[in-house]
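Visitor: Starting from these lines, generate the structure:
(one chain, ligands or ions: 1)
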Amino acid sequence: MTDGLSLNEQGLTPLTEQPANRRHVQTGDLAMLFTSDYKRYVLHMHPEGVTHTHLGIYRHSALIGQPWGAAVQSQIGHAALLLQPSLTDLMKSLKRGTQIIYPKDAAYIVHRLSLHAGSRVIEAGTGSGGLTTALAWAVMPTGMVFTHEMRPDIHQVARENLARVALLPYVKMMLADIEDGFKANDVDAVFLDVREPWRYLPHVRAALRPGGFFASLLPTANQVIELLHGFDQHHFADVSVEELILRPYKASPSRFRPDDNLIGHTGYLIFARCIDPGEDMGRWQRPERQRYEARLRTEAEIAAEAQRRAIDIAAGGKKYPEMPLPD
Ligand SMILES: C[S@@+](CC[C@H](N)C(=O)[O-])C[C@H]1O[C@@H](n2cnc3c(N)ncnc32)[C@H](O)[C@@H]1O
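Guide: Numbering: from 1, shown residues only. The predicted structure follows:
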């Protein structure tokens, strides 16, 4: 064992060296056994490898050389399909030390952070490495994810998870509290999945390239409000708050209908861009917010004027015409 990884994990071929268009399974490949009851086992092909499942044992020596998509048999005759795991399969296969970001949210985060091969992105906290998996998948082979986690036990779980899915070459894993700043700079994007992201906005500014992308996922509305105030103070604009609801269906032609279970809420997704610190934030707020804040200012001015007139009237009997009120 080195770095807490088994020899098996060290022998895994990095994902970019496993061309998706190859037709047959090779030693070093990441593969998946998909059973008829929709269970999935992600495995690393090794000539001496053996995968134990609830439907029996599958020897890798019998799987290597098979075409992708073939049905293979366990030692007690149960069939499983031999497939290349998708990104969703990889994310779902991770060992959990913490709650992970759902694939639906991860996919949209990658899109909104505008990540592509070659991007450099900071993340905190790493947690189990759920989102890290999606970020690394997006930026490989020439980009890098700089992920930060302050708990040593969770950091180790994530490290083993990323090694197991062959994405560790595209991730620098920092065992660090982001209270002390990030361990990378001049990055294209920063994503925070921590309880109080607004506290770290000065560090985000320091690490992001000018105009860079910021995003966070927060479970509660009061956290979102704190973060929105933080954007005003630290010069982040083009702000949006969104939520994704994914509705799964029963994929049965004879009984096609929505699934019985729907996950109601995973988190609010908040996005913003880091802008010039000399800018007047008032003019970069959303138009509806500018209108609302202008109205609040007018109401406050009217209330102050009404109070001043009331004092004048009480003091000397002065008369004023009626004041117009805002709509
Ligand atoms: C909800 S988990 C992140 C899950 C992750 N996004 C995933 O998809 O697997 C939040 C993590 O942030 C870490 N964390 C919280 N505050 C931190 C800080 N100041 N510095 C570094 N990590 C922190 C926690 O230890 C925890 O593991």
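Visitor: The stretch 1-150 of the chain against the ligand: which residues are in contact?
Guide: Residues of the stretch 1-150 of the chain that fall close to the ligand, judged by C-beta under 6 Å from any ligand atom: 98-101, 124-125, 127-131, 148-150. The C-beta positions use only the backbone N, C-alpha and C, and glycine is treated the same way.
Visitor: Could you export those as JSON lines, including neighbour count and secondary structure?
Guide: JSON lines is the format used below for these (neighbours: other C-beta atoms under 10 Å; DSSP: H, G, I helix; E, B strand; the rest coil):
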{"residue": "98", "neighbour count": "16", "secondary structure": "coil"}
{"residue": "99", "neighbour count": "13", "secondary structure": "coil"}
{"residue": "100", "neighbour count": "23", "secondary structure": "coil"}
{"residue": "101", "neighbour count": "23", "secondary structure": "coil"}
{"residue": "124", "neighbour count": "24", "secondary structure": "strand"}
{"residue": "125", "neighbour count": "23", "secondary structure": "coil"}
{"residue": "127", "neighbour count": "26", "secondary structure": "coil"}
{"residue": "128", "neighbour count": "24", "secondary structure": "coil"}
{"residue": "129", "neighbour count": "36", "secondary structure": "coil"}
{"residue": "130", "neighbour count": "25", "secondary structure": "helix"}
{"residue": "131", "neighbour count": "26", "secondary structure": "helix"}
{"residue": "148", "neighbour count": "24", "secondary structure": "strand"}
{"residue": "149", "neighbour count": "28", "secondary structure": "strand"}
{"residue": "150", "neighbour count": "17", "secondary structure": "coil"}
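Visitor: what's the closest of those residues to residue 183?
Guide: Nearest to residue 183, judged by C-beta to C-beta, of those is residue 148 at 6.8 Å.
Visitor: which one is that closest one nearest to, not counting chain neighbours?
Guide: Ranked by C-beta to C-beta, 6 or more residues apart in numbering and with sequence neighbours excluded, the top spatial neighbour of residue 148 is residue 124, at 4.0 Å.
Visitor: Would you indicate which residues of the helix or strand that contains residue 104 are buried?
Guide: Under the criterion of DSSP states H and E, residue 104 resides in helix 103-112. The neighbour-count check on helix 103-112 (16 or more other C-beta atoms under 10 Å) flags 103, 105, 106, 107, 108, 109, 110, 112 as buried.
Visitor: for stretch 69-84, same thing?
Guide: For stretch 69-84, the neighbour count (16+ other C-beta under 10 Å) marks 72, 74, 78, 80, 82, 83 as buried.
Visitor: which one of the residues of the stretch 1-150 of the chain next to the ligand sits closest to residue 164?
Guide: The closest of those, once distances to residue 164 are taken by C-beta to C-beta, is residue 129, at 9.6 Å.
Visitor: ok, that closest one - contacts?
Guide: Listed by C-beta atoms under 8 Å, 6 or more residues apart in numbering, the contact set of residue 129 reads 94, 100, 147, 157, 158, 159, 161, 162.
Visitor: The same query, at a cut-off of 7 Å, please.
Guide: Contact partners of residue 129, counting by C-beta atoms under 7 Å, 6 or more residues apart in numbering, are 94, 158, 161, 162.
Visitor: Tell me where the chain has helices.
Guide: For the chain, the helices defined by DSSP state H occupy 7-10, 60-63, 87-93, 103-112, 130-139, 152-164, 201-207, 221-234, 287-316.
Visitor: the inter-axis angle of the fifth one versus helix 103-112?
Guide: When axes from the mean of the first three to the mean of the last three C-alpha atoms, to 10 degrees is applied, the directions of helix 130-139 and helix 103-112 differ by 40 degrees.
Visitor: which helices and strands sit right next to helix 130-139?
Guide: In terms of contacts (3 or more C-beta pairs under 7 Å, 6 or more residues apart in numbering; DSSP states H and E), helix 130-139 is packed against helix 87-93, helix 103-112, strand 120-124, strand 144-149, helix 152-164.
Visitor: can you list contacts of that helix?
Guide: Helix 130-139 is contacted from outside by 87, 90-91, 94, 100-101, 106-107, 109-110, 115-119, 121, 123, 126, 145, 147, 158, 162, 165, 167, 170-171, 191, 193, using C-beta under 7 Å, 6+ apart.
Visitor: give me the low-pLDDT residue ranges for the stretch 151-300 of the chain?
Guide: Judged by pLDDT under 70, the stretch 151-300 of the chain has no weakly predicted residues.
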